[in-house]
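Colleague: Return atomic coordinates for the entry below.
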Amino acid sequence: MTARKSPIKKTAAPKIIITRVIKAPCQLVFKAWTDPRQMAQWWSPQDVECRSVSADLKIGGAYRIHMVSKKGDHIAIGKYKQIVPNKRLQFTWEWEAYAMPESTVTVEFEDLGKTTRLTFTHEGFPDKEDAGDHKKGWTSAIKKFARLIEQNKINTGKPGIKSATTKNKAAEDYAGREFVITREFDAPRELVFKAWTDSKELPQWWGPRGFTNPVCEWDARPGNAIHVVMRAPNGTDYPMAGEFREIVAPERLVFTSGALDEKGALLFEFLHIVTFVEQSGKTMLTIQSRVIKTTTEANKYIGGFEAGMTQSLGRLAEHLATKPSPLVIERTFNAPIAKVWKAITNKNDMKKWSFEIKEFKAKVGFEFQFYGEKDGAKYFHRCKITEVIPRKRLAYSWRYDGHEGNSLVTFELFAEGGKTRLKLTHEGLESFPKTPPFARKNFTEGWTCLIGTNLKEHVETKKHT
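Modeller: So this is what the prediction gives:
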């Protein structure tokens with residue numbers, strides 16, 4: 001079930017079938033395949049860690065499973081096609097980071113009384129090699145699933161089912177508990193995401209009302225440690241630690257966090273999955289927070305988590321209301337993503353619709369410069385690439401030599417059939433001098449011409465190399 005990066009051969013599409021009798025009631029087996037909290041405990045082959053699972057269990061609803069092995073990250077995505085409780089589950093399957101065709105998984109559950117016959121079918125593979133790779137992974141995962149559920153080691157959060165992590169009744173109150181909080185913000189997704197990932201912004205809203213954050217070590221990159229000290233109005237400090245696990249800007253943030261005792265040991269630990277969905281200029285934020293470790297002493301803190309986070313989000317809304325909106329321009333081009341991506345990352349293409357740049361490499365950390373002219377005056381631009389996701393996202397800083405201020409330009413590409421929707425976001429314009437050459441309207445007019453006219457003509461020209 002790990003992803004294969006080798007080229008795809010166009011041969012007849014084979015399929016794999018795995019049948020196994022599970023020594024557990026059908027209702028429990030079906031639930032373990034559809035509850036994200038339970039799925040995360042088994043959904044990966046042996047020697048592969050399942051970091052997180054999100055699933056919207058409805059027809060057309062999406063799921064996302066993040067697995068990690070020694071070879072790196074493996075993120076499976078898809079949508080549910082059929083859901084017949086305790087009988088049948090069908091969903092599409094593909095790898096988020098690899099050019100693999102969409103395939104289909106069907107799981108059938110046959111109630112045999114105290115046991116369940118599970119029939120697993122995965123079809124639509126491009127070749128036998130890919131089917132073989134997936135069969136090894138699925139066989140291992142299903143074997144692990146059967147072992148855990150038969151030994152009552154999948155934590156369901158229900159009485160009578162043993163927990164793999166709880167050791168006493170007091171801790172059982174919250175072990176495996178999941179909190180889901182949603183809130184809509186009247187701000188673009190990029191601003192909301194930045195407020196969650198910028199170490200200068202987070203202290204301005206993190207924590208219940210009246211709390212401050214005198215210590216905030218919050219460098220949002222996978223694997224980086226988190227250390228925050230929240231200070232209550234009465235002066236009491238509450239230290240917190242954690243780790244960033246996944247950052248998909250500006251869509252998704254996964255991290256762990258928990259309170260520390262006097263000796264610096266974790267009292268409990270949450271796994272947080274924060275998703276950011278843009279809706280007509282606003283942002284729908286969803287936080288899924290699951291307790292993955294707990295102790296007897298932790299209950300008094302965990303019990304106040306939902307109220308505290310709700311207050312934090314209220315402070316975040318107030319914080320965002322004070323921030324200027326970024327410049328956003330969207331256009332749809334009658335051209336495939338590959339062509340548009342090349343146009344915004346190849347220096348020879350760029351000079352045909354944008355500026356002439358001596359050297360350009362789509363690589364994080366690469367710095368490039370160019371001259372621009374406004375009303376007869378030349379301005380030397382200095383830029384540095386901050387993010388590259390091939391054919392999806394390109395971001396770089398944007399400032400002017402000899403002038404104060406710095407900003408961020410982000411290109412996002414979305415496939416819409418054979419066409420491409422491009423979204424350009426330029427934030428930080430308020431940091432530039434308050435003089436006519438740096439007026440917001442100049443940036444709006446400039447990007448509208450570059451994106452809406454020049455780039456459109458360039459990528460939609462048939463004879464384009």
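
Colleague: In the protein, what helix or strand scores lowest on average pLDDT?
Modeller: For the chain, the helix or strand with the lowest mean confidence is helix 169-172, at a mean of 50 (criterion: mean pLDDT, DSSP states H and E).

Colleague: Can you pull the phi/psi pair for the nearest residue to residue 150 once chain neighbours are set aside?
Modeller: Among residues not flanking residue 150 along the chain, residue 23 sits closest, at 4.6 Å (CB to CB, 6 or more residues apart in numbering). To be clear about C-beta, it is placed using only N, CA and C from the backbone, and glycine gets the same treatment. Main-chain dihedrals, residue 23, degrees, to the nearest 10: phi -80, psi 70.

Colleague: Is residue 42 in a helix, a strand, or coil?
Modeller: The local conformation at residue 42, judged by DSSP: H, G, I helix; E, B strand; the rest coil, is coil.

Colleague: which ones are touching it?
Modeller: Contact partners of residue 42, counting by CB atoms under 8 Å, 6 or more residues apart in numbering, are 32, 50, 141, 144-145, 148-149, 154.

Colleague: Let me know the pLDDT of it.
Modeller: At residue 42, the model reports a pLDDT of 94.

Colleague: Need phi/psi at it.
Modeller: In terms of degrees, to the nearest 10, the main-chain angles of residue 42 are phi -140, psi -10.

Colleague: mind checking how far it is from residue 142?
Modeller: Distance of residue 42 to residue 142, given as CB to CB, to the nearest Å: 9 Å.

Colleague: Are there residues contacting both of those two? Which ones?
Modeller: Common neighbours of residue 42 and residue 142 (CB under 8 Å, 6+ apart) do not exist.

Colleague: that older thread, quick check: of the contacts of residue 42, which has the highest neighbour count?
Modeller: Highest neighbour count within these: residue 154, with 26 neighbours (other CB atoms under 10 Å).

Colleague: Which strand or helix spans that one?
Modeller: Under DSSP states H and E, no helix or strand contains residue 154.

Colleague: ok so, going back, any chance of the contacts of residue 42 in TSV, with pLDDT too?
Modeller: Converted to TSV, these look like this (pLDDT from 0 to 100):
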residue	pLDDT
32	95
50	88
141	96
144	94
145	95
148	92
149	93
154	79
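
Colleague: which residue packs closest to residue 260, ignoring adjacent ones?
Modeller: residue 239 (4.4 Å).

Colleague: That neighbour contacts residue 226, doesn't it?
Modeller: No: the pair residue 239 / residue 226 is not scored as a contact, 10.8 Å apart, by CB atoms under 8 Å.

Colleague: higher neighbour count, these two?
Modeller: Between residue 239 and residue 226, residue 226 has the larger neighbour count (other CB under 10 Å), namely 18 against 14.

Colleague: Next up, the contacts around the more buried one.
Modeller: Contacts for residue 226 (CB under 8 Å, 6+ apart) come out as 217-218, 240-244, 255-257.

Colleague: Now for those: which two are most distant?
Modeller: 217 and 256 (14.4 Å; CB to CB).

Colleague: between those two, which one's more packed in?
Modeller: residue 256 (18 against 12).

Colleague: Would you state the strands of the stretch 51-200 of the chain in chain order?
Modeller: 62-69, 72-84, 88-95, 103-111, 116-123, 178-185 (DSSP state E, counting those that start in this stretch).

Colleague: which one of these is the most hemmed in?
Modeller: Each of the strands of the stretch 51-200 of the chain was scored by mean neighbour count; the highest is strand 62-69, a mean of 20, by mean count of other CB atoms under 10 Å.

Colleague: Starting from that strand, tell me which strands it pairs with and how they run.
Modeller: Within its sheet, strand 62-69 is paired with strand 49-55 (antiparallel), strand 72-84 (antiparallel), according to DSSP bridges.

Colleague: Save the ones you listed as a markdown table, and put in distance to residue 350 too.
Modeller: Below are the strands paired with strand 62-69 laid out as a markdown table (distance: least, CB to CB, whole Å):
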| stretch | distance to residue 350 |
| --- | --- |
| strand 49-55 | 37 |
| strand 72-84 | 31 |
